[in-house]
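*Asks:* quick one, what's the 3D model for this:
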Amino acid sequence: MQSKLLEIKEQALKTLSEVANTKDLEELRIKLLGKKGELTLLLRSMGNLAPEERPKAGQMVNALRNEIEGLMEEKDVQLKASEQEQKLTGEKIDVTMPGKKVERGGMHPLNIVLNEVVDIFIGMGFEVREGPEVEYDKYNFEMLNIPKGHPSRDTQDTFYINDDVVLRTQTSPVQVRTMLNEDLPIRILSPGRVYRSDEVDATHSPVFNQIEGLVVGKGITLGDLKGVLDVFAKEMYGESTKTRFRASYFPFTEPSAEMDISCTVCGGKGCRVCKGTGWIELLGSGVVNEHVLEMCGIDPKVYSGFAFGMGLDRVTNMKYGITDIRLLYENDINFIKQFK
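*Replies:* Residues are numbered from 1 along each chain as shown. Down below sits the predicted model:
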């Protein structure tokens, strides 16, 4: 028994001195002290000894066990400290290394321009109003002086949910809802997404964005309309921008006018973009039709107003020289990156 214990001790001390990590130390502990370890099996075999030899043998085995456990605890502390030091050294931050570049996002050009437009009109006393994209035919057409069967509906063919509900073709229904529900005077801007049954090409899309404005009050004239839009054009495209108005037709305004601005590419000299005219069409506008005021419960003998509407996509393309509306919706990251 004594010789066996001496053999186990010598082998344990030799192996313990060679252990390089806590994993190997745990394997050695199991080999010596585990349920099937050498010392454990030795204790279980003491039943084969004579009764008078058992106490002394038990003391020897337990003494060796305690000695080995103490040495293993010391070794465990040393190994853990060494491993912690290696880990800290290996994970040390080199402050001289260049940092990883963080890719920052940016606003979409439509949102950039929308914010600019809103800021310009808020500066002139307008307030922003929004409305539903799924709209009643009544608000989208009929109360804007476009009854069923009216020929102007052909140019605003849209998507019908049923006979009375459509995807709005313009944000003008917001104007109607405002006139029906808010007190006068009114000075609002209504941006939003609109829908029309158009084929997709460089200048058309079945889904696009529109911004409309409405002013209703006492003594509002066509001169007020021209003054407001001239200020907007100069703020958006530069002080040298010129504006002109051409007679046009819209069912909800009378008189009506298209507004052109001097070409943003050539400055009015004439180029391929403006087809040599020096002018580019920007928006439609006019004095609010008296019948529209009456349908909204407003006395046209006391109050008058003006309205205008522009495509946000068109305003954006003109500002940045974009020639294809599809670029605004294709989510090409290389295109979007230009506007950070």
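*Asks:* what's the longest helix in this structure?
*Replies:* Taking DSSP state H as the criterion, the chain has its longest helix at helix 54-90.
*Asks:* now do the helices in the stretch 1-150 of the chain.
*Replies:* Under the criterion DSSP state H, counting those that start in this stretch, the stretch 1-150 of the chain contains helices at 2-18, 22-33, 38-44, 54-90, 109-122, 137-140.
*Asks:* what does the second one contact?
*Replies:* Helix 22-33 is touched from outside by 8, 12, 15-16, 19, 37-40, 65, 68-69, 72, 75-76, 79-80, 83, with contacts defined as C-beta atoms under 8 Å, 6 or more residues apart in numbering. C-beta here means a position set from N, CA and C on the backbone, and glycine is covered the same way.
*Asks:* please parse the chain into its domains.
*Replies:* Dividing the chain into domains by automatic domain parsing, as the record does, gives the ranges 2-90, 109-339.
*Asks:* for this protein, name the helix or strand with the lowest mean pLDDT.
*Replies:* Among the secondary structure pieces of the chain, namely its helices and strands, helix 38-44 has the lowest mean (mean pLDDT, DSSP states H and E), a mean of 71.
*Asks:* buried ones in that one, by neighbour count?
*Replies:* Residues 38, 39, 42 are the ones in helix 38-44 that count as buried (16 or more other C-beta atoms under 10 Å).
*Asks:* count of residues packed around the nearest residue to the last one once chain neighbours are set aside?
*Replies:* Think residue 42. Spatial nearest neighbour of residue 42, excluding adjacent residues (C-beta to C-beta, 6 or more residues apart in numbering): residue 61 at 5.8 Å. Here the number of neighbours of residue 61 (other C-beta atoms under 10 Å) works out to 20.
*Asks:* what ranges do the strands span in the chain?
*Replies:* 127-128, 134-136, 165-167, 186-195, 207-217, 243-250, 253-262, 279-288, 304-311 (DSSP state E).
*Asks:* what's in contact with the third one?
*Replies:* Spelled out, it's strand 165-167. Taking contacts as C-beta under 8 Å, 6+ apart, the residues outside strand 165-167 that touch it are 133-137, 140-141, 158-161, 194-195.
*Asks:* ok, the residues you listed vs residue 87, which is closest?
*Replies:* Proximity of the contacts of strand 165-167 to residue 87, judged by C-beta to C-beta, is greatest for residue 133, which lies at 57.4 Å.
*Asks:* check what pLDDT that closest one gets.
*Replies:* We have a pLDDT of 94 for residue 133.
*Asks:* equivalent analysis for residue 153, please.
*Replies:* Per-residue confidence (pLDDT) for residue 153: 64.
*Asks:* so which of the strands of the chain is nearest residue 324?
*Replies:* Each of the strands of the chain has some distance to residue 324 by C-beta to C-beta; the shortest is strand 207-217, at 13.1 Å.
*Asks:* who does the closest one pair up with?
*Replies:* Here strand 207-217 is paired, per DSSP bridges, with strand 186-195 (antiparallel), strand 304-311 (antiparallel).
*Asks:* and residue 280, what are its bridge partners?
*Replies:* Using DSSP bridges, the bridge partners assigned to residue 280 are residue 261.
*Asks:* tally of neighbours for it?
*Replies:* Neighbours of residue 280 under the rule other C-beta under 10 Å: 19.
*Asks:* could I get the contacting residues of residue 107?
*Replies:* By C-beta under 8 Å, 6+ apart, the residues touching residue 107 are 115, 339.
*Asks:* do residue 203 as well
*Replies:* Taking C-beta under 8 Å, 6+ apart as the definition of contact, the neighbours of residue 203 are residue 325.
*Asks:* measure it to residue 192 for me?
*Replies:* The span separating residue 203 from residue 192 equals 20 Å under the rule C-beta to C-beta, to the nearest Å.
*Asks:* in this structure, where is pLDDT below threshold?
*Replies:* Low-confidence regions of the chain, defined here as pLDDT under 70, cover residues 1-2, 43-49, 53, 152-156.
*Asks:* again, 90 this time
*Replies:* By pLDDT under 90, the low-scoring segments of the chain are 1-107, 145-164, 196-206, 251, 263-276, 314, 317-326, 329-340.
*Asks:* alright, calling it a day.
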